[in-house]
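*Asks:* Here's my sequence, what's the structure:
(chains A and B)
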Amino acid sequence: MAKLRSPADLEKKREQIVSKRDPSKPCITICSGTGCHALGSDKLHEAIVTEISKNGLRRKVDVRRTGCHGFCERGPVVVIFPDETCYLGMKPADASEVISKTFVEKQLVERLLYKDGSGASVALEGEIPFYKHQTRTVFGNNRLIDPKSIDDYLAVGGYSALAKALLQMSPEQVLEQVKRANLRGRGGGGFPAGVKWETTRNAPGDTKYVIVNADEGDPGAFMDRSLLEGNPHVVLEGLIIGAYAIGSHEGFVYVRQEYPLAVSNLTAALGQARDYGLLGKNILGSGFDFDVTIHRGAGAFVSGESSALMTAIEGMVGEPRPKYVRTAVSGIWERPSNLNNVETWANVPLIINRGADWFTGVGTAGSKGTKIFALVGKVNNTGLVEVPMGMSLRDIIYKIGGGIRSGRRFKAVQTGGPSGGCLPESLLDLHVDFDELTGAGSMMGSGGMIVMDEDTCMVDIARYFTNFLADESCGKCIPCRAGIEQMLEVLERICAGKGEKGDIDLLEEISDVVRDASLCALGQTAPNPVMSTIRYFRDEYVAHIEQKRCPAGVCKALVSYFIDPVKCSACGICLRNCPADAISGGKNLVHIIDQQKCIKCNTCFEICPTRFSAVLRISGEPVPAAPPLGTEVARKKGKQE
Amino acid sequence: MATAKARTTSAEVQGLSGQLPEAVLSRVSDKLGIPPGRLSRMVEVLEQVVQEKGDADSIVEKYKADKSALIQILLEIQRERRWLPKDVLLSVCEKLGVPLSRAYRIATFYKAFSLVPQGRHLVTVCMGTACHIRGSPRLLDKVVKVVNVNPGETSADQKFTLETVNCLGCCALGPVIVVDGEYHSNPSSNELEGLVAACD
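*Replies:* The predicted model follows:
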């Protein structure tokens, strides 16, 4: 491959690629993101290719493995172009039917289509409610391109922003565009990227670094992974443009080793970009040199913090340091280093191509553009959603997410990862942007949005996050190391039914200290889950402490299981499935749980057929006395059926 | 002493011929007074040590013996060996010119590393938030029962290592379990038993 030595070369190459492609030629795209991969998209791909050959369609139909489409819940996602028919949850066994119906009989396969609430089928991907209400500007190309093919990225206009920036704009003009766009950091802090770039640009020293933060450690967020896996070139293009504006010639991508597919797709992308002359010396004939190294993280949440991440790139343990001098001025090897998150970098080519005015046309007063959220938990449609800043939580959860699973009641939505907070039903109409979320005691974070229903215990959730943070605290500063540990002790006590009066006040007091005195953002935001749950769900804390009752029935120490002798039909299902052999009973005999043996695993409660619903979960009140062994059931087997 | 002697002898002979012919082995066995079976087992172990040292050396060379690549080098060794043996750590540190304490600190700070041998099959249960509220604690209980290993531990027969992780980024499928790199969404007890039985 000859290197592209000018923007004209790039355009010629693009024309060449596009001219070879016929937009009316059918193309089957199979999502190959991690979610769909886990659901068997590899085998599905094989089956589809085999069926196409069998039907003699190899010259007539293209097959492409694309990046993540976002609707992971219903994967593997298959979209057939040019009609954009979308099949969900397709299995290898369905391949023969789909191929013959689509290309021979020209019909749809009804059963694999999305069904809306009324049971009507939705054939087009864009018409599915999950997608219909989204604005997919950053994430949209994922479904069109094979992440391992730079030509696919060029075909959708890739690297045109880079050519424009390098050849038609000065570094100052690029910087000005990003500043005017008010692009705020998508990694959590929401700090304006343009201002950060300017700081690094103006910092003394000739050697400067730019870094992509792909250490997406927030549990419940995976948009950075999907972008890096699905469209690595857009992140790379943004990074090169940023480097040009800042005056940096060396970049790093810090990516978690838990994301092997992202590492391999990115490695391939870097190689292709070098082959095409989009990385290396004299990029596109502009005289600008730049290259990138990948650094894999070895599994530490705190290493996503900017100063910690930079220490890790130096080959040391990734612990934060006090930032009296910002990393933008003194970062890797004490040189000015500009760090932005994956999604932030992916926004840059859009801003350069379409201009700051276009970008600021979307969003709220203080937060511009779109944001990708990982909508997960107890919603019907889980997956990645991209919406304009300012959409209400209600619209995201109900219009896109399709509401709460199994008709349960909404309780809370947790945003911002372990450093964020839980927002209650009364705040569902909150317009999601950086400032609104912070004002409500939570934060944007990297965009995790975890929906919880009435079966979620908020004290347990606070304990869960605090446990996570205690585990991930690097231990360098005392308020974080000891404070979070103390908070965890109190929360564990409450969940174990040993909560004492005054525990809530104690939690609030420790929270204040940890927030004010910790060294880095991990500690400073660690109290958020506890503070926000106390603020909005105080009654649950009170129930745990005073009545020794867990309203959601989650905290094991506070629940008991009991079989209602009137409802029990002696079907034996619970008895056979009890892992602790705690249930006794026999043919036509009422089953009884031995409270001493019961390990409260919830199995009997889940498994008891709903037509009986004989297993009761009790909290906050004594367990009723069991009938004597050998009591016959009221409804004998077979009578009802 | 016999081992030290054997080490020199086998390495020297190997250096000459590339592999040890039967005749040479039996002569060495006679001279050192070691039964042939034991000698060939010793040679096997030694060959493995040499091989592993060579592997570690080539990883260090791949990163041009750059000190700042220490974490990356350890990650590759961890991936190949499934743990970080002390002799390998010592030799890496020597080559890079960094104190062993730095490697030790890295190995104990990051979750990816292990200073004890890991099982042949790695079972990982995701305990991320989305998985947590969809029941990962219960899934973990089931897994512990089926593989008979506690989280963070390796079975006595070195067959399984069970680990928990804070998020694998496939939250939409939670609760998730990964067996040797293959992801599975919320398997039932029966499916779990099937997954475990499929491991040799």
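*Asks:* what sits against B:Ile59?
*Replies:* Taking C-beta atoms under 8 Å, 6 or more residues apart in numbering or on different chains, we find B:Ile59 in contact with B:73, B:76-77, B:80. (Glycine included, C-beta is placed from N, CA and C.)
*Asks:* Pick out the residue closest to the middle of the chain.
*Replies:* Reading this off chain A. Nearest to the mean C-alpha position of chain A, by C-alpha atoms, centre = their mean, lies A:Ala221 at 2.5 Å.
*Asks:* look at chain B instead
*Replies:* In chain B, the C-alpha nearest the mean C-alpha coordinate belongs to B:Arg82, at 2.0 Å (C-alpha atoms, centre = their mean).
*Asks:* can you pull the contacts of that residue?
*Replies:* Applying C-beta under 8 Å, 6+ apart, we find B:Arg82 in contact with B:114, B:117-118, B:122.
*Asks:* repeat that for 7 Å
*Replies:* Contacts for B:Arg82 (C-beta atoms under 7 Å, 6 or more residues apart in numbering or on different chains) come out as B:117-118.
*Asks:* how close does it get to chain A?
*Replies:* The spacing between B:Arg82 and chain A, counted by C-beta to the nearest C-beta, to the nearest Å, is 14 Å.
*Asks:* And the pLDDT at that residue?
*Replies:* At B:Arg82, the model reports a pLDDT of 86.
*Asks:* for chain B, which helix is longest?
*Replies:* Taking DSSP state H as the assignment, the helix of chain B that covers the most residues is helix B:36-62.
*Asks:* And it, how far out from the chain middle?
*Replies:* 15 Å (C-alpha atoms, centre = their mean, to the nearest Å).
*Asks:* Same question for it: list its buried residues.
*Replies:* Neighbour-count burial for helix B:36-62, counted by 16 or more other C-beta atoms under 10 Å in any protein chain shown, picks out B:39-40, B:42-43, B:46, B:52, B:56, B:59-60.
*Asks:* With stretch B:105-124 instead?
*Replies:* B:106-107, B:109-114, B:118-124.
*Asks:* Let's have the buried residues of helix B:36-62 in CSV, adding distance to A:Glu127 and pLDDT.
*Replies:* Below are the buried residues of helix B:36-62 laid out as CSV (distance: C-beta to C-beta, whole Å; pLDDT from 0 to 100):
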residue, distance to A:Glu127, pLDDT
B:Leu39, 74, 83
B:Ser40, 70, 81
B:Met42, 70, 83
B:Val43, 69, 82
B:Leu46, 67, 83
B:Glu52, 57, 77
B:Ala56, 56, 83
B:Ile59, 51, 89
B:Val60, 55, 89
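*Asks:* The spatially closest residue to B:Asn148 that is not a sequence neighbour: neighbour count?
*Replies:* Counting by C-beta to C-beta, 6 or more residues apart in numbering or on different chains, B:Asn148 lies nearest to B:Ser155, which is 6.6 Å off, once chain neighbours are set aside. When counting by other C-beta atoms under 10 Å in any protein chain shown, one arrives at 16 neighbours for B:Ser155.
*Asks:* How about A:Glu500?
*Replies:* By the criterion of other C-beta under 10 Å, A:Glu500 has 12 neighbours.
*Asks:* how near is it to B:Gly128?
*Replies:* 31 Å (C-beta to C-beta, to the nearest Å).
*Asks:* likewise A:Gly361?
*Replies:* Taken as C-beta to C-beta, the span from A:Gly361 to B:Gly128 is 35 Å.
*Asks:* neighbour count winner among these two?
*Replies:* The neighbour count for A:Gly361 versus B:Gly128, taken as other C-beta under 10 Å, is higher for B:Gly128 (31 against 12).
*Asks:* picking that back up, which ones are touching the residue nearest to B:Asn148?
*Replies:* By C-beta under 7 Å, 6+ apart, the residues touching B:Ser155 are B:119, B:148-149.
*Asks:* excluding its backbone neighbours, what's nearest A:Lys3?
*Replies:* Residue nearest to A:Lys3 in three dimensions, not counting chain neighbours: A:Gly277, with 3.2 Å by C-beta to C-beta, 6+ apart.
*Asks:* and that neighbour, how many neighbours?
*Replies:* 20.
*Asks:* Correct me if wrong: it contacts A:Ala2.
*Replies:* No - counting by C-beta atoms under 7 Å, A:Gly277 stays clear of A:Ala2, with 8.4 Å between them.
*Asks:* and the spatially closest residue to A:Cys520 that is not a sequence neighbour, what does it touch?
*Replies:* Spatial nearest neighbour of A:Cys520, excluding adjacent residues (C-beta to C-beta, 6+ apart): A:Pro320 at 3.8 Å. Applying C-beta under 7 Å, 6+ apart to A:Pro320 gives the contacts A:302, A:305, A:307-308, A:476, A:519-520.
*Asks:* By neighbours, which of those wins?
*Replies:* Of all the contacts of A:Pro320, A:Glu305 has the most neighbours under the rule other C-beta under 10 Å, reaching 28 neighbours.
*Asks:* tell me the contacts of that one?
*Replies:* Residues near A:Glu305 by C-beta under 7 Å, 6+ apart: A:320, A:520-522.
*Asks:* So chain B: which segments form each domain?
*Replies:* Following automatic domain parsing, one gets these domains for chain B: B:2-109, B:121-197.
*Asks:* Among the ones you listed, which comes closest to A:Ile99?
*Replies:* domain B:121-197 (26.2 Å; C-beta to C-beta).
*Asks:* Report the rounded mean pLDDT for the closest one.
*Replies:* 88.
*Asks:* Any idea how far apart the tips of stretch A:197-208 sit?
*Replies:* Its first and final residues considered, stretch A:197-208 spans 11 Å by C-alpha to C-alpha, to the nearest Å.
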